[in-house]
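[1] Predicted structure and sequence below. I'll ask about it afterward.
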There are 2 protein chains.
Amino acid sequence: MKTVRDVATKAGVSVGTVSKVLSNNPTVKPALRDRVLTAVADLGYKPNMAARALRTNRLNILGLVVPDISNPFFAQLAKNIEAEAAQQAHMVMLANSDDDPDVEARQIEGLLAQMPKGLIVVGSVDQSKVSIQTEVPIVSVDRRYGDYKLISADHEAGSALVAEHLFQLGHRRIAYISGPQSTEVGRLRRKGFCDRLQQLALADATMKFQIVEGHFDYASGEDIGRRLLSERAELRPTAIAAASDQQAIGALRVARDLGIDVPTDLSIVGFDDITLANLVVPRLTSVSQNTVEIARMAVRTLLSEKPMPTEDQFVETILCARGSSGAVAIK
Amino acid sequence: MKTVRDVATKAGVSVGTVSKVLSNNPTVKPALRDRVLTAVADLGYKPNMAARALRTNRLNILGLVVPDISNPFFAQLAKNIEAEAAQQAHMVMLANSDDDPDVEARQIEGLLAQMPKGLIVVGSVDQSKVSIQTEVPIVSVDRRYGDYKLISADHEAGSALVAEHLFQLGHRRIAYISGPQSTEVGRLRRKGFCDRLQQLALADATMKFQIVEGHFDYASGEDIGRRLLSERAELRPTAIAAASDQQAIGALRVARDLGIDVPTDLSIVGFDDITLANLVVPRLTSVSQNTVEIARMAVRTLLSEKPMPTEDQFVETILCARGSSGAVAIK
DNA sequence: CTGAAAGCGCTTACAG
DNA sequence: CTGAAAGCGCTTACAG
């Protein structure tokens, strides 16, 4: 392995000068600079990151902790974070917390020991407790970790988009399948939907609206969907909005089982825009989180010279209208 | 940050002794050892990885390069690799090659600069060229990278299991939708299926077998499935085996469109056991890769003291028989 | 504008 | 069995 010494010898300068050239220190004369750069290229010199880290107390590394990388949403996030970090010449260390706060704490310690420039944490549980103490900058993404500032999709505004979408399609009997109200995401999505719908429907006496709380999974969507759709056609909802795509897809199946045509007799809308949303028949209308933008914000926040933000940051969502939602049937 | 010096002072020993205790060097007397350990605990001392790396030329890090972490299979693999590495007190640096050999080369350089103990590479393209030179041990996983030894599922044996499964269910008119024969995986899966079927059917004059080459995606499965199933019931295949779950699911859809009942009138089998395989109706019979074992092998191979293996290693696959395959209808 | 030197925190022969 | 010392490759005041 080549070192700064080798480069210095070859270029006929001191190691200090080589170091200055490498760090783009402008006090080096162009002539010398070129000589050094040539030597670097000739020798195929690669700086030793460990030595650099030992001096500077920081490696060109970002740590990322997610509950489970095999969850497609977190995988998508990880991919975009890695891409953004790579653009800024940083590598990403990945750790899974397995949804366990203890594992999470250990993983964070392990990451911190590598002296990263910053840490991105998707909280393992709602607002996990934090025991670590560090000056390494940390941001929470998607789910808050401790008291660290959060960067996430604007769940509330996204759900409001769904409410508008359904209202504008003429639906007046609407059901909302919420997520667990013990989770921040579950609460925010529900609030966004309800608030907006209430605003819109204030003057409309024909409006019928019901909420059923569930889990975020397929089974929950099937259960609740079956209950909602077992009523007579004149009474049951003409539209179901769900807090997750899984729930929505569960409801979609039940509708098919019951012979209720989507979207003619029933509109269904999900949230998250998972890959599957685009593969079911009919394709599912859903709200897409802009993971590219979330990732970019997180990386830039950590790598910028500016002080850490003092407020949470929310990224706009996009409503992807597809085949599963349509205008209410005219009677 | 505490250093070995602090620990040494507190324990009343030299830094060398502290270092020896930390590296479990058995030449330290138990009494001293305990004093050092106590001091470590009291001070909350954490070794500086960069300093250690500078001396030993190796960090407790494993590098992982995948084409695309948002591909569920690679995400699963990454998760298991991270878990196994964590067990051995190593962190994982993740990089995406984006299926581009140039990006791949750059990512590998970046990873190597961090002085990892080893590199796990899922090749970006079939047998990508290698320009890098390093003594860091490298293994290919799933798709070969350069000439490095491969650890992967036994695609051939897995496909043979499918052939047996269908034959034993009594199928004698069988179609195989292959993957691109330009890819190693495509070739191996096809070979495994054909060879085994030929063995089984040698004595059976009623056997009718056809192969159609396609891509690994849904569209390909739909296209080819439609062609295969457009014949009269007495002539068309009673079973379709596909080289991927996507193809199989595409065929499943076509069968539903054509009013052909699965599995009564047609059996369909996929490969890979993706999450979706368990979500379609009926659930898809498929071959599951043991990513836990693949991950374990890869990590252990890199971290073991033993010299790198000189042969490729294949991990057994499992046939998951589900609703989409059944005994051939008795006429 | 350039160079010589100190030192980051650790490990490892080596001497005792 | 333990300690003193050298040195890994780099960066950064400091002197010139």
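    Received it, and whenever you're ready, just let me know what you need. Remember, predicted model here, so these are calculated numbers, not experimental data.
[2] so where's the longest helix in chain A?
    Longest helix in chain A, counting residues (DSSP state H): helix A:184-201.
[3] centre of the chain versus that one, how much separation?
    Helix A:184-201 has its C-alpha centroid displaced from the chain centroid by 20 Å (C-alpha atoms, centre = their mean, to the nearest Å).
[4] same thing with stretch A:119-126?
    11 Å.
[5] ok, which residues in the stretch 1-150 of chain A are in contact with chain B?
    Applying C-beta under 8 Å from any C-beta of the partner chain, we find that the stretch 1-150 of chain A lies next to chain B at A:46-51, A:53-54, A:59, A:61, A:64, A:68-70, A:72, A:75-76, A:78-79, A:82-83, A:86, A:89, A:91-96, A:107, A:109-111, A:113-115. For glycine as for every other residue, the C-beta is placed from the backbone atoms N, C-alpha and C.
[6] what subset of those is also close to DNA strand C?
    A:51, A:54 (C-beta under 7 Å from any atom of the strand).
[7] Show me the residues of the stretch 1-150 of chain A next to chain B that map onto helices.
    Counting by DSSP H, those place A:49-51, A:53-54, A:72, A:75-76, A:78-79, A:82-83, A:86, A:107, A:109-111, A:113 in helices.
[8] Now the buried members of those residues.
    A:49-50, A:53-54, A:72, A:75-76, A:78-79, A:82-83, A:86, A:107, A:110-111, A:113 (16 or more other C-beta atoms under 10 Å in any protein chain shown).
[9] tell me the two of those residues that are most distant?
    Greatest spacing in these, by C-beta to C-beta: A:Leu54 and A:Pro72 (38.7 Å).
[10] Where do the helices of chain A begin and end?
    Counting by DSSP H, the helices of chain A are A:4-11, A:15-22, A:30-43, A:49-56, A:72-87, A:101-113, A:155-168, A:184-201, A:218-229, A:245-257, A:291-303.
[11] Including mean pLDDT and distance to B:Pro282, could those go into TSV?
    Shown next, in TSV, are these (pLDDT from 0 to 100; distance: least, C-beta to C-beta, whole Å):
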stretch	mean pLDDT	distance to B:Pro282
helix A:4-11	91	65
helix A:15-22	91	62
helix A:30-43	90	61
helix A:49-56	89	53
helix A:72-87	94	23
helix A:101-113	91	37
helix A:155-168	97	31
helix A:184-201	95	32
helix A:218-229	94	16
helix A:245-257	92	13
helix A:291-303	95	33
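[12] Would you convert the ones you listed into a markdown table that also reports distance to DNA strand D?
    Shown next, in a markdown table, are the helices of chain A (distance: least, C-beta to the nearest atom of the strand, whole Å):
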| stretch | distance to DNA strand D |
| --- | --- |
| helix A:4-11 | 3 |
| helix A:15-22 | 3 |
| helix A:30-43 | 10 |
| helix A:49-56 | 3 |
| helix A:72-87 | 19 |
| helix A:101-113 | 17 |
| helix A:155-168 | 41 |
| helix A:184-201 | 40 |
| helix A:218-229 | 52 |
| helix A:245-257 | 47 |
| helix A:291-303 | 16 |
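[13] which one of those helices is the most hemmed in?
    Each of the helices of chain A was scored by mean neighbour count; the highest is helix A:245-257, a mean of 24, by mean count of other C-beta atoms under 10 Å in any protein chain shown.
[14] That helix packs against which elements?
    Counting contacts by 3 or more C-beta pairs under 8 Å, 6 or more residues apart in numbering or on different chains; DSSP states H and E, helix A:245-257 packs against strand A:173-178, helix A:218-229, strand A:239-242, strand A:267-269.
[15] would a markdown table of those with distance to DNA strand C be doable?
    Formatted as a markdown table, the helices and strands packed on helix A:245-257 follow (distance: least, C-beta to the nearest atom of the strand, whole Å):
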| stretch | distance to DNA strand C |
| --- | --- |
| strand A:173-178 | 50 |
| helix A:218-229 | 49 |
| strand A:239-242 | 51 |
| strand A:267-269 | 54 |
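[16] Of all the ones you listed, which one is nearest B:Ala295?
    That would be helix A:218-229 among these, by C-beta to C-beta, at 27.0 Å.
[17] anything in that closest one near chain B?
    Yes: on the criterion C-beta under 8 Å from any C-beta, helix A:218-229 is in touch with chain B at A:Tyr218.
[18] same for that helix, what does it pack against?
    If you count contacts as 3+ C-beta pairs under 8 Å, 6+ apart, helix A:218-229 packs onto strand A:173-178, strand A:208-213, strand A:239-242, helix A:245-257.
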